[in-house]
Structure formats: C-alpha cells, structure tokens
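J.: When you get a sec, could you give me coordinates for this:
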Amino acid sequence: MRRKPQIKISNSKKPFNKKVLFGILISFCAAAQVFFTIGTSALGAQISSFEEEVELLTKENRELEDKLISSTSLIQLRQKAEDLGFAKSTTTYYIEKGESYAMSAP
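T.: Have a look, this model is predicted:
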C-alpha cells in the first residue's frame with residue numbers, strides 16, 4: 001500500500017513579537033511626552049505674559065492712587081481755591097435762630 005504524502009500546512013502569520021509591541025508602546029509614550037511638553041511650555045509662556053501684565057497694571061494702579069491722594073489733599077485743595085480767587089474769611093457772622101439772614105432789597 002502506498003502511503004499518502006502528508007501535506008504540512010504552515011501558518012504564514014508569525015506570532016506577534018513582544019519586542020515589536022514594546023517598541024511601539026515606547027514610541028507612542030515618547031511622542032505623547034513631546035506633545036505634552038510643547039503644550040506645557042506654550043502655557044508657561046502665556047502665564048509669564050499674564051504675570052508681566054499684572055505687574056504693570058499693579059504699578060499703574062499704585063501711581064493712580066498716589067495721584068488721587070495728592071490731588072484731593074487739603075493743601076492742594078486750598079491752593080486751588082486761592083488760585084481761583086477764594087480767600088479765607090476774616091470775619092465770622094453768627095445768626096440767631098429765627099433771624100432773617102437775607103439782605104433786604106433797597
């Protein structure tokens with residue numbers, strides 16, 4: 001009797017290599033790290049810009065407060081009043097309750 005020749009069927013797909021999978025995973029992690037680092041540095045630059053703006057606005061606010069205080073001080077107001085022709089009264093008039101204080105017409 002003749003024997004039938006056995007045909008070996010080989011699986012043409014090789015099992016997935018663990019080293020390849022590990023390499024893909026490491027590459028993905030490295031790409032994600034670069035992406036997040038770029039995003040973080042951009043946000044850091046924006047925060048730095050905002051901090052500079054806050055510092056400038058704080059300085060301007062301080063200057064405006066000083067200007068307001070100096071412009072409303074009593075000495076400044078007295079000098080402005082004198083410049084406009086106002087003078088300190090030399091006589092004081094006291095009016096009794098019920099007394100008329102308007103000048104009568106001639």
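
J.: C-alpha only now, for contacts and for neighbours.
T.: Will do.

J.: Could you pull up phi and psi at Thr72?
T.: Main-chain torsions, Thr72, degrees, to the nearest 10: phi -110, psi 10.

J.: Distance check, the residue nearest the centre of the chain against Gly39.
T.: With distances taken as CA atoms, centre = their mean, Phe50 lies nearest the centre of the chain, 4.7 Å away. Distance, Phe50 to Gly39, by CA to CA, to the nearest Å: 17 Å.

J.: could you list every residue that touches the residue nearest to the centre of the chain?
T.: By CA atoms under 8 Å, 6 or more residues apart in numbering, the contact set of Phe50 is empty.

J.: what secondary structure does it sit in?
T.: Under DSSP: H, G, I helix; E, B strand; the rest coil, Phe50 falls in the helix class.

J.: If I look at it, what pLDDT would I see?
T.: On the pLDDT scale, Phe50 is placed at 96.

J.: Ok, Leu77 next?
T.: So Leu77 comes in at 82 (pLDDT).

J.: Locate it within the secondary structure: which element?
T.: Under the criterion of DSSP states H and E, Leu77 resides in helix 74-83.

J.: mind checking how far that helix is from the chain centre?
T.: With CA atoms, centre = their mean, to the nearest Å as the basis, helix 74-83 stands 40 Å off its chain's centre.

J.: Over to stretch 50-69?
T.: Its chain's average C-alpha position is 14 Å from that of stretch 50-69, according to CA atoms, centre = their mean.
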